[in-house]
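Asks: output the structure for:
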Amino acid sequence: MNDAFHGEHADGPATDRRPIAARQSGFARQLTALLLKTQVTPNQISLFSIAFAVIGAAALFWAPHWPFLYLLAVAGIQLRLLCNLLDGMVAVEGGRGSSVGALYNEFPDRVADTVLIVALGYAAEAGWLGWGGALAAALTAYVRVFGGSIGQAQDFRGPMAKQHRMAVMSLACVLALAEAALTTGHFIPYVAAWVILLGSLLTCWTRTRAIVSRIRGASQP
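Replies: Now for the predicted structure:
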């Protein structure tokens, strides 16, 4: 059996595992049990998250012209998150981790985040804002992983961690659908894109501050 399960150790719950309450739900456990009856691997599930994100991003990009696509965007976002939940559960609870699991645990997330947040910017008719938000989101992951690289537990705190970004986007899509019925403007996506950008920058700061605080605490006698 491999020593690493999708970036998490085999000898117990990893300190670097993102805390997700949904892991304890009956729905998630039933889906995990169903997947374990197949030959699907955690890495394949991680790649599916990119596919769902691309579908959601394409729907979001075109939604200002066909507002019903906002619903497809929400579906893509939520299915992306479901894959993010199930890949780790199949890897850890199901014992199907691999030596390259840590790569599949990170890289698809960065791709999925980027395509979705960039698409949100274009839906707001401010492509630069989407690209800025995507860069800031990637920086939150960089700070987290950097903390792990110097021996600290990876810090998943917000206020704009991955699950928060996707929650903002999902809510924005629902509200944008209602907005489209009343006006031709794109105020809701524009506000959501700013929330993600500024919230992600704040998250970089809170995580960096926590890293510095732990380093200083460890250096004191």
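Asks: for the chain, which segments are assigned as helices?
Replies: Using DSSP state H, the helices of the chain run over residues 26-35, 42-62, 69-92, 101-123, 127-149, 162-182, 187-219.
Asks: just checking, what packs against the second one?
Replies: Which is helix 42-62. In this structure, helix 42-62 packs against helix 69-92, helix 101-123, with contacts taken as 3 or more CB pairs under 8 Å, 6 or more residues apart in numbering; DSSP states H and E. C-beta coordinates here come from the backbone N, C-alpha and C atoms, glycine included.
Asks: which stretch among those helices comes nearest residue 201?
Replies: helix 101-123 (13.1 Å; CB to CB).
Asks: gap between the residue nearest the centre of the chain and residue 210?
Replies: Centroid-nearest residue in the chain, with CA atoms, centre = their mean: residue 162, separated by 3.7 Å. Remark: distance between residue 162 and residue 210 (CB to CB, to the nearest Å) = 17 Å.
Asks: buried sites along stretch 189-204?
Replies: The neighbour-count check on stretch 189-204 (16 or more other CB atoms under 10 Å) flags 189-190, 192-197, 199-201, 203-204 as buried.
Asks: could you pull up phi and psi at residue 68?
Replies: phi -60, psi -20 (degrees, to the nearest 10).
Asks: which residues are in contact with the closest residue to it other than its chain neighbours?
Replies: Take residue 68 and drop its neighbours on the chain: the residue closest to it by CB to CB, 6 or more residues apart in numbering is residue 177, 7.5 Å away. If you count contacts by CB atoms under 8 Å, 6 or more residues apart in numbering, residue 177 has them with 67, 68, 70, 71.
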